[in-house]
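**Q** sequence first, predicted coordinates after that:
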Amino acid sequence: MSTLQTHRRRGTGAGEAFVAMLAMLALLWVLEALDQASGNRLDGYGIQPRTDDGLWHVFTAPLLHGGWAHLVGNSLPFLVLGFLVLLTGWAAWAGATLASVVGSGALVWTLAPPHSITLGASGVVFGWLTYLIVRAFFSRSAGQIALAVAVFLLYGSILW
């Protein structure tokens, strides 16, 4: 078996996954700093329901936040759940992330009140949480089930 095949089967290493998620989280913080410095001009790239621009902003909204408190609230779940998904491998992480961005963004674009703007990584965080729970259900692995229960107990409460 080639090294690449072995790496794909095992997923991403913990160090690589942690550094990658820290870098992505740092990007969110840099973008919020730029947004604050510009007088919140980046907020216009959030999802604006049922508008043409708002539909394209489904892909930019998860990178932006409505202030420091919003970003702080998303940071730990983003880091932890993103890390856990990324341990499965880059392909699984990319698929789960894209499905989360598109799914949550489409719901917001369709259901949010008119003339509102929705920002934040919450849809991605909930998508990763869902991925971990569904993965446990289908894998029927005791370790995956234990992980899913743990993340649900820690982060499932944010659903309420």
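**A** Received it, and whenever you're ready, just let me know what you need.

**Q** ok, so what distance separates the residue most central in space within the chain from G11?
**A** By CA atoms, centre = their mean, the chain has its centre lying nearest to V124, at 2.8 Å. To G11, V124 is 19 Å away according to CB to CB, to the nearest Å. Placement of C-beta: from N, CA and C, glycine included.

**Q** how about Q36?
**A** 36 Å.

**Q** who has more neighbours, these two?
**A** Higher neighbour count among Q36 and G11: G11, with 18 against 13, using other CB atoms under 10 Å.

**Q** so what's the more buried one closest to, chain neighbours aside?
**A** In space, and not counting its chain neighbours, G11 is closest to G89: 4.4 Å by CB to CB, 6 or more residues apart in numbering.

**Q** so what's the residue count around that neighbour?
**A** 17.

**Q** got it, and A142?
**A** 9.

**Q** ok, the residue lying closest to L64 once chain neighbours are set aside - contacts?
**A** Leaving out its chain neighbours, the residue that sits closest to L64 by CB to CB, 6+ apart is L119, at 4.5 Å. The contact partners of L119, taken as CB atoms under 8 Å, 6 or more residues apart in numbering, are D43, G46, I47, A61, L64, H65, G66, H70.

**Q** any idea how far the fifth one is from L76?
**A** Same thing as L64. 18 Å.

**Q** which SS class is the closest residue to L63 other than its chain neighbours?
**A** When the adjacent residues along the chain are set aside, L63 lies closest to L31, with 5.6 Å between them (CB to CB, 6+ apart). The assignment at L31 comes out as helix when based on DSSP: H, G, I helix; E, B strand; the rest coil.
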